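A.B. asks: Here is my input; please provide its structure:
(chains A, B, C and D)
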Protein chains: 4
Amino acid sequence: MDALCAAARWCAARGWVPATSGNFSVRAGAHIHITATGLDKGALTPEDLLEIDSEGRAIAGRGRPSAETSLHAVIYRERPQARAILHVHTVWNTLISARYEAAGHVPLEGYELLKGLAGVTTHEHTERVPVLKNAQDYATLADEVKSALDAHAEAHGVLLSRHGLYTWGQSVAEARRHLEALEFLFEVEERRLSVRG
Amino acid sequence: MDALCAAARWCAARGWVPATSGNFSVRAGAHIHITATGLDKGALTPEDLLEIDSEGRAIAGRGRPSAETSLHAVIYRERPQARAILHVHTVWNTLISARYEAAGHVPLEGYELLKGLAGVTTHEHTERVPVLKNAQDYATLADEVKSALDAHAEAHGVLLSRHGLYTWGQSVAEARRHLEALEFLFEVEERRLSVRG
Amino acid sequence: MDALCAAARWCAARGWVPATSGNFSVRAGAHIHITATGLDKGALTPEDLLEIDSEGRAIAGRGRPSAETSLHAVIYRERPQARAILHVHTVWNTLISARYEAAGHVPLEGYELLKGLAGVTTHEHTERVPVLKNAQDYATLADEVKSALDAHAEAHGVLLSRHGLYTWGQSVAEARRHLEALEFLFEVEERRLSVRG
Amino acid sequence: MDALCAAARWCAARGWVPATSGNFSVRAGAHIHITATGLDKGALTPEDLLEIDSEGRAIAGRGRPSAETSLHAVIYRERPQARAILHVHTVWNTLISARYEAAGHVPLEGYELLKGLAGVTTHEHTERVPVLKNAQDYATLADEVKSALDAHAEAHGVLLSRHGLYTWGQSVAEARRHLEALEFLFEVEERRLSVRG
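C.D. replies: Down below sits the predicted model:
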């Protein structure tokens, strides 16, 4: 949980969780430890995490769980290896998610940094990051995330359009590596397409 | 006042108050505590705040009140819930204010981060941030700010064209959340429109 | 000299003096204290300053004076009020100097931040920052800087094309205020013109 | 090796080695001290360096050598003066390497900051940074790096397309100066060409 809070503070320092946005979790057995809603992530400590049981109830910690806790739960169910989930709002993931909302996914290919994603061993790889239409009905959204993860069994992240990125890993370190790789690639692609597009 | 100074230093670190620009205040009863003019906000402490009475007179503190103190006063009158006001000059609010000066307001819609604004519960919201022509006659400008706040009763901020953003909140934390949300959205919109516009 | 070194370190932290570029000075009577050539400005201390006499000779301090010391000398002669000079290489001043090299100056107008320049009291001001063709013959270049300062008696800075900005002030604080204001305006203008130009 | 680790941490702070990418080395006699693969460069210490002998075998240190160790070895052979090599993945070197992949090199000319490169004494210089097609076969890639260094005997760096930059110097300080100069110029050129290109 210290590693999770360090990752959250690192994101805050880069401007990736503006206006108390974003949320972060780790899985421990059947339970999830997740950031309470509305916190400034720049000063996050383990005391700011809520423990959520398998029914989605907060059983320890201060504050209210984010409405997006259900999205974390569905990701942990669909990706059994995942131990940590990071969710951020960045300028570049917002722009590229809007660009590819109609297409349904962002294609990333030909970049060495794709090798930052677990299991990818060459730049000659196409990563497809699904993009879902944003919604405030989180039960429906959770179903759509489930479908997207099924349809993109190899995906390392999911975008909600004009909202943000969810990514995960077998550890906080791996989740953060995926986050850094995907955000780098989103920025490069969006800048490239802004010139030629 | 410590929270206000921390917010000011945070803005300075991001380059949002260049060249001693920007000003910051909190309300305490009928009085306002506001930054003196000409200070480098990167090293702001509570000793750098002036106390202003309801007649606009400095009754405590060193330094000279900014000419923009009257704009803070009118915002506090028009927004009775407001307890803190932040005013910054950023590259993105400068660019987008110029783009929308003729239109009279910046429209922001469809972004999850709109939920960073108090009372907004869905991305399906249109925030209209009024844009006023810049002026050096602060009495007239204060009247125009009053009119804009009346005309946009739901607005969370006001832009002065090619000058900067005023935003506020019921606490310093809320004002800073509004600031971060609006600046993020200005950057995203201006970048998006620069490509497609 | 502590203030000068703090300003230099601040510039280094923003990436404004890459690759040991840039130089910084203060005037004390007929002498100039200036950064030695080739130093990383991120760790500058007063011991890294050379004292230069009115003949341009280094009379105290370690290291070699920069070839650009003669440009500092001519600015101090032409601007008798100046007590500090800052010279930086930034992405935005490089881009905008190239854009306006043929025109001979960068026009800046209509921005509130112009008031960050000494003596400017309204955004309804046109600041003309002369742009000189870059050269390695510093004697000739010093003559051209002299001519530009004579021709633009109100200018707060001088650009060398695809090289960098010189700005000055009656104190280090004022010079830094001019630097921040001009760099902000260069970025805003270059971004604006990149879209519409 | 302390200087190398400081340079690596400095790169990490700027976002130039995302997702544990990048690698860094110094030469000591016939041996190379190089970062182990997969480390977060933001916390690099000399204990994280591997000692590699002239046969390419790790003879001291924890962790696994990067597959790119062979590229460091070939650079040290082709550039006998080099004592340090830095390899980073940045947004701007990725974009500009893709732009010039077909041309085979990035031309940089007319900028004062070219003088940050050893032996360059005027902005009237054309630096040609070779761009190689990226590959995962490092034996072949090492041969291509060798050919590129032979063909561009004056080059201060080599780009792998959509991958990153290798640069070097007679000391860590010189290598870092080359890195800062080249990255600055890549950003300026890519931004300039994005507008006019």
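A.B. asks: Would you mind finding the longest helix in chain A?
C.D. replies: helix A:172-196 (DSSP state H).
A.B. asks: who touches A:Glu187 in this structure?
C.D. replies: Residues near A:Glu187 by C-beta atoms under 8 Å, 6 or more residues apart in numbering or on different chains: A:92, D:91. No exception for glycine: its C-beta is placed from N, CA and C like everyone else's.
A.B. asks: In terms of pLDDT, where does it sit?
C.D. replies: Looking at A:Glu187, its pLDDT reads 98.
A.B. asks: From chain C, how far out is it?
C.D. replies: 16 Å (C-beta to the nearest C-beta, to the nearest Å).
A.B. asks: Name all residues that make contact with the residue of chain A found nearest chain D.
C.D. replies: Relative to chain D, the nearest point of chain A is A:Gly116 (3.2 Å; C-beta to the nearest C-beta). By C-beta under 8 Å, 6+ apart, the contact list for A:Gly116 reads A:177-178, A:180-181, A:184, D:18-21.
A.B. asks: wait, isn't A:Leu141 in contact with A:Ala73?
C.D. replies: No - A:Leu141 lies out of contact with A:Ala73 (C-beta atoms under 8 Å); the separation is 11.9 Å.
A.B. asks: pLDDT score for A:Pro65?
C.D. replies: So, for A:Pro65, pLDDT stands at 88.
A.B. asks: Looking at strand pairing, list the partners for it.
C.D. replies: Beta-bridge partners for A:Pro65, by DSSP bridges, are A:Ala36.
A.B. asks: Can you pull the residues of chain A lying near chain D?
C.D. replies: Applying C-beta under 8 Å from any C-beta of the partner chain, one finds that chain A approaches chain D through A:14, A:110-113, A:116, A:121-124, A:173, A:177-178, A:180-181, A:183-184, A:187-188, A:191-192, A:194-195.
A.B. asks: Can you tell me the closest non-neighbouring residue to A:Leu149?
C.D. replies: The spatial neighbour of A:Leu149 that comes closest, neighbours along the chain excluded (C-beta to C-beta, 6 or more residues apart in numbering or on different chains), is A:Glu78 at 4.1 Å.
A.B. asks: how far away is A:Arg99 from B:Phe186?
C.D. replies: 19 Å (C-beta to C-beta, to the nearest Å).
A.B. asks: Settle it for me: which of those two has more neighbours?
C.D. replies: A side-by-side neighbour count of A:Arg99 and B:Phe186, using other C-beta atoms under 10 Å in any protein chain shown, places B:Phe186 first with 25 against 21.
A.B. asks: tell me the SS of the spatially most central residue of chain A?
C.D. replies: Taking C-alpha atoms, centre = their mean, the centroid of chain A lies closest to A:Tyr166, which sits 1.6 Å from it. Under DSSP: H, G, I helix; E, B strand; the rest coil, the three-state class of A:Tyr166 is strand.
A.B. asks: in the sheet, who's paired with it?
C.D. replies: On the basis of DSSP bridges, A:Tyr166 is bridged to A:His87, A:Val158.
A.B. asks: quick one: which of the contacts of A:Gly116 is nearest D:Arg64?
C.D. replies: The closest of these to D:Arg64 turns out to be D:Thr20 (C-beta to C-beta; 12.4 Å).
A.B. asks: right, and that closest one touches D:Leu39 too?
C.D. replies: Yes - D:Thr20 lies in contact with D:Leu39 (C-beta under 8 Å); the separation is 6.0 Å.
A.B. asks: And the residue of chain A closest to chain D, how far from C:Arg192?
C.D. replies: 35 Å.
A.B. asks: Same question for A:Gly169.
C.D. replies: Taken as C-beta to C-beta, the span from A:Gly169 to C:Arg192 is 41 Å.
A.B. asks: And A:Ala103, by the same measure?
C.D. replies: 31 Å.
A.B. asks: what does A:Val172 give?
C.D. replies: A:Val172 is 41 Å from C:Arg192, by C-beta to C-beta.
A.B. asks: Over to A:Ala30?
C.D. replies: A:Ala30 is 54 Å from C:Arg192, by C-beta to C-beta.
A.B. asks: The two: which has the busier surroundings?
C.D. replies: More crowded of A:Ala30 and C:Arg192, by other C-beta under 10 Å: C:Arg192, with 18 against 10.
A.B. asks: and that one, what does it touch?
C.D. replies: Per C-beta under 8 Å, 6+ apart, neighbours of C:Arg192: B:95, B:98.
A.B. asks: 7 Å instead?
C.D. replies: Going by C-beta atoms under 7 Å, 6 or more residues apart in numbering or on different chains, C:Arg192 touches B:Leu95.
A.B. asks: Give me the pLDDT for it.
C.D. replies: At C:Arg192, pLDDT is 96.
A.B. asks: just the one 4 residues further on next, same as before
C.D. replies: Model confidence at C:Arg196, given as pLDDT, is 62.
A.B. asks: likewise A:Gly56?
C.D. replies: We have a pLDDT of 89 for A:Gly56.
A.B. asks: and it, what element?
C.D. replies: Applying DSSP states H and E as the criterion places A:Gly56 outside every helix and strand.
A.B. asks: tell me, how many neighbours does it end up with?
C.D. replies: 12.
A.B. asks: Could you check how far it is from chain C?
C.D. replies: Distance of A:Gly56 to chain C, computed by C-beta to the nearest C-beta: 45 Å.
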